[in-house]
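K.L.:
Fold the following, please.
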Amino acid sequence: MLIGQVIGELVATQKHRSHEGRKLLLVQPLNLDGSNRGDAVVALDAVDAGVGDKVLLTTEGFSAMTSVGRPNSPIDMAVIGFIDHVELVPDVT
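P.N.:
Model (predicted):
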């Protein structure tokens, strides 16, 4: 799973039948400190997220398919939750 921020919505004039009725989002993965982590990715939306929302992404096919209720469909990533805040606790060992 990854933390990310929604940076855009995608419009597709044609998409796989299993994607019909679902929103596609452009999500920028983030490091724990909030900095960008690699390139933006396309994810199917399961929680009605919008631009600017910090979200939780699942990046494994089976988890993505089942989280959006589309088993056996070609989905690699899905937005499955909102993130209110991230708190880093220093290691005291």
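K.L.:
all helices in the chain, in order from the N-terminus.
P.N.:
Secondary structure of the chain (DSSP state H): helices at 61-67.
K.L.:
What is the least confident helix or strand in it?
P.N.:
For the chain, counting by mean pLDDT, DSSP states H and E, helix 61-67 ranks last in confidence among helices and strands (a mean of 63).
K.L.:
Neighbouring strands of the strand ranked longest in the chain in the sheet, and parallel or not?
P.N.:
Using DSSP state E, we find that the single longest strand of the chain is strand 2-10. Strand 2-10 has the following sheet partners, assigned by DSSP bridges: strand 24-30 (antiparallel), strand 54-58 (antiparallel).
K.L.:
pLDDT on it, on average?
P.N.:
Here strand 2-10 scores 95 as its mean pLDDT.
K.L.:
next one: stretch 26-43
P.N.:
Stretch 26-43 carries an average pLDDT of 94.
K.L.:
Check which residues of it are buried.
P.N.:
Of the residues in stretch 26-43, L26, V27, Q28, P29, L30, A40, V41, A43 count as buried by neighbour count, 16 or more other Cβ atoms under 10 Å. No exception for glycine: its C-beta is placed from N, CA and C like everyone else's.
K.L.:
returning to what we had before: any chance of the strands paired with strand 2-10 in JSON lines with distance to L88 as columns?
P.N.:
As requested, those are arranged in JSON lines below (distance: least, Cβ to Cβ, whole Å):
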{"stretch": "strand 24-30", "distance to L88": "13"}
{"stretch": "strand 54-58", "distance to L88": "15"}
